[in-house]
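> My questions are about this predicted structure, shown below with the sequence.
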Amino acid sequence: MEIFSEIYSCYYQVLRHLLSRRESAVLPDIRAQIQGEGFEESLLAIIPKLENSTWDLFEKKGELYLSRLKSPFVAPLSGLEKSYLKALLSDPRIRLFLDREQLDTMDHMLKSVSPLFRQEQFFYYDQFSDGDPYQDKDYRQIFRTLLLAQKERRYVDLDYNSPTGSRVHHYYVPARLEYSVKNDKFRLLALKNIRRDKSRLEILNLSRIQSVRLTDKFLTEETDLNRVIQNTYYKEPVRLHIIDKRNALERAMLHFANYEKNTRKIDQDTYECLIYYNQMMETELLIEVMSFGPMLRVLGNDRFLKSLRARLRKQLSLDPVY
C-alpha cells in the first residue's frame, strides 16, 4: 500500500464514497462518480482493479457492483497518518490555503505529534532558487484575497509590476491559481475586461502583485471560467506516449499534474496522454517534457515538435561534446 503517495489523494475519498453506497451500481455509474470526484486519469488507476477484483471491495452480481461493507464506517487517523499530516503542515505553501483559526486548530491537535519528515531534508535539484516568499505577510494576504475572490467570482482591484517594469492597475476576476514546481512560484489566471462585451485571459505572477482589493462587483453566472481557459488552448494538444516502466505512468501524472489532460491505455504497457495548453504555457511545458526521461515519447502536435527540435538543436550547439 503506497500510504504516503495517495493516502490524502482523491482516490481514497472516491473509494470511500463508493463503499458507502447502500445500493448496487453498474460500471457506467461508478465511472461517472470517479470522473466527477477524481482526475481524468483516476479511471486508469481504479477501474481495472475493480474489474479484476485486485481490490476485493465489491461483490459482483452480473453487471451490478455492491459494497461489501454492510454499515457506514469511520476511519480515524492513525499515528502514522497524523505524523504525515504534521509534516505536510510544515510546508509554507499549504498554509496559504488555511486561515488562522484552521491553522491554530490543527497545530493544537497535532501538538504532541512528531512530523514524519522535515522540509530541510529535501533538495530540489532542478528548481529555481528564487521562489515566492510564502511566509511574507503581504504575500499571504494577497494570496488569501485572491483565493476568496476566485471562490466568490468577484472582481478585484489589482496593482501589478509587469516583467518589463511598468506598473499595471486594472480590475480582474481571478479564475485559477496555479503552482509551477520548476519555478517554485504561484501564478494567477485572471479574466480582464478589454471591452464591454469582450474579456481576455491573462497570467500574472503572484510575487509581482503589489496590492489587491476586493470590489463589490461579481461575475455574472453566464460566464464559465473553465470554458474561458479552455478556449485559449491550441486546437491540437501535445500527444505523448508513456511506456509504463520504472513507475513512469505515475511519475508522468505527477509531473504534468497542473495541466488539463486525457490519458488512456493503448496496449499492455503503453499509455497515450493528451495535454492541453496555450501559448503562455508552451515554454514551460516544453522544458518539462524534455526533463522527464526516456520513458516518454512526443508524437505531436507539429507545432510542439518543431519547437522541441529547435530547442534540442540549440542545446546541442552549446555542448562542445557534440
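Alright, I've got the coordinates. Numbers count the residues shown, from 1 in each chain.

> Please enumerate the strands of this protein.
25-26, 58-61, 64-67, 154-161, 167-180, 185-195, 198-205, 209-218, 238-243, 260-267, 270-276, 296-300 (DSSP state E).

> Sort out which residues of the last one are buried, please.
Yep, that's strand 296-300 we're talking about. Within strand 296-300, the residues scored as buried using 16 or more other Cβ atoms under 10 Å are 296, 298. Any C-beta I mention is one placed from the backbone N, CA and C, and that applies to glycine too.

> Partner strands of it, with direction?
With DSSP bridges as the test, strand 296-300 is paired with strand 238-243 (antiparallel).

> rewinding a little: pipe the strands of the chain into JSON lines and attach distance to residue 128 and mean pLDDT per row.
Shown next, in JSON lines, are the strands of the chain (distance: least, Cβ to Cβ, whole Å; pLDDT from 0 to 100):
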{"stretch": "strand 25-26", "distance to residue 128": "46", "mean pLDDT": "89"}
{"stretch": "strand 58-61", "distance to residue 128": "46", "mean pLDDT": "87"}
{"stretch": "strand 64-67", "distance to residue 128": "47", "mean pLDDT": "89"}
{"stretch": "strand 154-161", "distance to residue 128": "18", "mean pLDDT": "95"}
{"stretch": "strand 167-180", "distance to residue 128": "9", "mean pLDDT": "91"}
{"stretch": "strand 185-195", "distance to residue 128": "8", "mean pLDDT": "86"}
{"stretch": "strand 198-205", "distance to residue 128": "12", "mean pLDDT": "86"}
{"stretch": "strand 209-218", "distance to residue 128": "19", "mean pLDDT": "95"}
{"stretch": "strand 238-243", "distance to residue 128": "23", "mean pLDDT": "95"}
{"stretch": "strand 260-267", "distance to residue 128": "24", "mean pLDDT": "89"}
{"stretch": "strand 270-276", "distance to residue 128": "22", "mean pLDDT": "94"}
{"stretch": "strand 296-300", "distance to residue 128": "22", "mean pLDDT": "93"}
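
> Out of those strands, which is closest to residue 224?
Residue 224 sits nearest to strand 167-180 of all the strands of the chain, at 10.1 Å, using Cβ to Cβ.

> do you know which of the strands of the chain lies nearest residue 89?
Between residue 89 and those, the tightest spacing by Cβ to Cβ is seen for strand 167-180, at 17.1 Å.

> Compute the first-to-last residue distance for stretch 260-274.
8 Å (Cα to Cα, to the nearest Å).

> Would you mark the buried spots in that stretch?
Under 16+ other Cβ under 10 Å, the buried positions of stretch 260-274 are 261, 263, 271, 273-274.

> circling back: want to throw the strands of the chain into a markdown table with distance to residue 145?
As requested, the strands of the chain are exported to a markdown table (distance: least, Cβ to Cβ, whole Å):
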| stretch | distance to residue 145 |
| --- | --- |
| strand 25-26 | 42 |
| strand 58-61 | 45 |
| strand 64-67 | 43 |
| strand 154-161 | 7 |
| strand 167-180 | 9 |
| strand 185-195 | 11 |
| strand 198-205 | 13 |
| strand 209-218 | 5 |
| strand 238-243 | 34 |
| strand 260-267 | 26 |
| strand 270-276 | 29 |
| strand 296-300 | 38 |
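
> picking up where we left off before, closest to residue 173 out of the buried residues of stretch 260-274?
Using Cβ to Cβ, residue 261 comes nearest to residue 173 of these, at 24.9 Å.

> thinking again about what came up before, so which of the buried residues of stretch 260-274 is the closest to residue 169?
The closest of the buried residues of stretch 260-274 to residue 169 turns out to be residue 261 (Cβ to Cβ; 35.3 Å).
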